[in-house]
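Q: I'll drop the sequence and a predicted model, then ask my questions.
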Amino acid sequence: MGKLIRHLWESMLDSIRDLAPIVGVIAFFQLAVLQQPIPNLFGLLTGTLMVVIGLTLFVHGLKVGLFPIGESMAHDFAHKGSLFWLIAFAFSLGFGTTVAEPALIAVANEAATVAANGGMITDTPDEKESYAQGLRLTVAISVGLAIVVGVIRIIKGWPVQYLIMGGYIGVVIMTAFAPKEIIGIAYDSGGVTTSTITVPLVTALGVGLATSIRGRNPITDGFGLIAFASLTPMIFVMGYGMVL
Amino acid sequence: MGGILQFFDTLVTTVRDVIPIAAIIFGFQFLVLRKPVTNMRQILIGFGFVLLGLAFFLQGLEQALFPLGKLMAQQLTAPEFLGISATASEISNNWQHYLWVYLFAFAIGFSTTIAEPSLIAVAIKANQVSGGAVGTWGLRIAVAIGVAVGISLGAYRIITGTPLHYYIIAGYVIVIAQTAFSPKSIIALAYDSGGVTTSTVTVPLVAALGLGLSSNIPGRNPLLDGFGLIAFASLFPIMSVMGYAQLSEWQARRASKTRGAHYGE
């Protein structure tokens, strides 16, 4: 227990250091550039304290919970030797973590508004709702597929850059044909899909697989899953914009 | 009292977001792998820590940093602050007016990235796997510089109204060229760092900046021009991380060369 508290205390000092820049930036712009007092100082201080506590607990949970389970599962899948189940797991992890992602829900709703304004769909709540829903599913499927492709890459030991270049070419080709209104949203959708809980799990999965499979190097082969997951949504969202 | 209720709300939302993920993990663990997990108790406690930590983190951001940061993005892009009048549309060429905007974009991009939990996770893992060769701080600072430059350039794009895809395609060309010259071990990690940077902390503040700029600058449409900052923020870290690796490799080579020369004497 004493060890846990000492450990948490140390990682809290780390968290304070991690958050110092953002507090400094906001204070500088508020006081020196905009020259305004800080409103609700008490709320600001307690809020910042909560952020520090939250980050500390999160990083601790990451080390004792998310990383070990991700790696132990990767290890077990590699030893079970069933490619089917590994792929099913990879797809579910990508799809399941993305479909409910709050940032994606926000982007999908904005995209529906843009589509309605651009005359791609009629401007009724029902139509926009179904457009946003379809977009969310499209992105979630694309992330699921991305993790699957990434896992197959780790198993086969393909170099990551060829697949990424293929993805880039896909993005460029789709950009040429996609409706102009959708391009900005499509490009942004790549960045918003990977959430705070998905990233550690997917990273642990990749590194775990690369460690368990003979001939793979965890640093060159283990990373790269997230890169795919942020590339495929761009292609799929533009495709969605073209089809609808 | 209201604060406690709000915190409870955030906790419930976090739990709801995590349930599908936990269901997939434990479902596959018990139904497919059918193997007891070593240290199950500790892993469950870890999940508890993650949940509680995220709830605190999000609640604190909502209460403290987001309202002020978003307000700031609005004020810095307000026509009065920028000195634009509704009639003068050619002002967009006068970049000095926007100096504070660029500085804010740079500073907020850098500082939110340093605080981003997913990047911390990837940095910890990369440090472990590389046996300490990839420093957690080196990686995080390289990524943060990439995001800072990306967001500033993205702000410049909104201000000048140039098409987004030219920048992104040019960025791709640079990334591919850098890939050819980077140490093999960093490539996958560099590509990954593009996707992890834009998460909980960065997205809301950057989106507020994009919205403020595109709704206040004459001739910009927030629905069309407000997007794209996130895309910049996910592309530029790839370049900065590869650049960082190239630089460290070059330094190491130079150091070993001078050492070699020294021994040769």
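A: Structure received. Numbers count the residues shown, from 1 in each chain, chains lettered A, B, ... in the order given.
Q: which single residue of chain A ends up nearest chain B?
A: A:G65 (1.8 Å; CB to the nearest CB). (C-beta placed from N, C-alpha, C; glycine too.)
Q: that residue: neighbour count?
A: Counted with other CB atoms under 10 Å in any protein chain shown, the neighbours of A:G65 add up to 22.
Q: and it, what is it in contact with?
A: A:G65 makes contact with B:Q42, B:I43, B:L44, B:I45, B:G46, B:F47, B:G48, B:F49, B:V50, according to CB atoms under 8 Å, 6 or more residues apart in numbering or on different chains.
Q: name only those of these that count as buried.
A: B:I43, B:L44, B:I45, B:G46, B:F47, B:F49, B:V50 (16 or more other CB atoms under 10 Å in any protein chain shown).
Q: wait, B:P204 touches B:F66, no?
A: Yes - between B:P204 and B:F66 there is a contact under CB atoms under 8 Å: 5.6 Å.
Q: wait, does stretch A:236-244 contact chain B?
A: No - Stretch A:236-244 lies out of reach of chain B by CB under 8 Å from any CB of the partner chain, never closer than 10.4 Å.
Q: report the buried residues of that stretch.
A: Buried-residue list, stretch A:236-244, by 16+ other CB under 10 Å: A:F236, A:V237, A:M238, A:G239, A:Y240, A:G241.
Q: before we move on, back to that, could I get the buried ones among the contacts of A:G65 as JSON lines with distance to chain A, pLDDT and secondary structure?
A: Compiled in JSON lines, those are given as follows (distance: CB to the nearest CB, whole Å; pLDDT from 0 to 100; DSSP: H, G, I helix; E, B strand; the rest coil):
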{"residue": "B:I43", "distance to chain A": "5", "pLDDT": "91", "secondary structure": "helix"}
{"residue": "B:L44", "distance to chain A": "7", "pLDDT": "91", "secondary structure": "helix"}
{"residue": "B:I45", "distance to chain A": "7", "pLDDT": "93", "secondary structure": "helix"}
{"residue": "B:G46", "distance to chain A": "2", "pLDDT": "92", "secondary structure": "helix"}
{"residue": "B:F47", "distance to chain A": "5", "pLDDT": "91", "secondary structure": "helix"}
{"residue": "B:F49", "distance to chain A": "3", "pLDDT": "93", "secondary structure": "helix"}
{"residue": "B:V50", "distance to chain A": "4", "pLDDT": "92", "secondary structure": "helix"}
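Q: make a markdown table from those and add distance to A:V25 to it.
A: Formatted as a markdown table, the buried ones among the contacts of A:G65 follow (distance: CB to CB, whole Å):
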| residue | distance to A:V25 |
| --- | --- |
| B:I43 | 36 |
| B:L44 | 37 |
| B:I45 | 35 |
| B:G46 | 32 |
| B:F47 | 32 |
| B:F49 | 28 |
| B:V50 | 27 |
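Q: got CSV for the buried residues of stretch A:236-244, with pLDDT and secondary structure too?
A: Shown next, in CSV, are the buried residues of stretch A:236-244 (pLDDT from 0 to 100; DSSP: H, G, I helix; E, B strand; the rest coil):
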residue, pLDDT, secondary structure
A:F236, 92, helix
A:V237, 90, helix
A:M238, 91, helix
A:G239, 92, helix
A:Y240, 90, helix
A:G241, 85, helix
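Q: the longest helix in the chain is where?
A: By default, I'm working from chain A. helix A:125-156 (DSSP state H).
Q: switch to chain B, please.
A: helix B:229-264.
Q: buried ones in that one?
A: B:229-245, B:248.
Q: check these against chain A, which are close?
A: B:L229, B:I230, B:A231, B:A233, B:S234.
Q: grab the nearest non-local neighbour of the last one.
A: Excluding the flanking residues, the one nearest B:S234 by CB to CB, 6 or more residues apart in numbering or on different chains is A:G191, at 4.1 Å.
Q: and that neighbour, how many neighbours?
A: Residue neighbour count, defined by other CB under 10 Å, stands at 28 for A:G191.
Q: next, the angle from the strand or helix carrying it to helix A:125-156.
A: Using DSSP states H and E, A:G191 sits within helix A:180-192. Put simply, helix A:180-192 runs at 50 degrees to helix A:125-156, going by axes from the mean of the first three to the mean of the last three CA atoms, to 10 degrees.
Q: for B:I158, give me its contacts.
A: Contact analysis of B:I158 by CB under 8 Å, 6+ apart lists B:G210, B:L213, B:S214, B:I217, B:R220, B:D225, B:G226, B:G228, B:L229.
Q: go again with 10 Å.
A: Counting by CB atoms under 10 Å, 6 or more residues apart in numbering or on different chains, B:I158 makes contact with B:77, B:92, B:98, B:101, B:105, B:164, B:209-214, B:217, B:220, B:222, B:225-229.
Q: quick one: pLDDT of the residue nearest to it when sequence neighbours are not counted?
A: Closest residue to B:I158 apart from its sequence neighbours, by CB to CB, 6+ apart: B:L213 at 4.6 Å. B:L213 carries a pLDDT value of 86.
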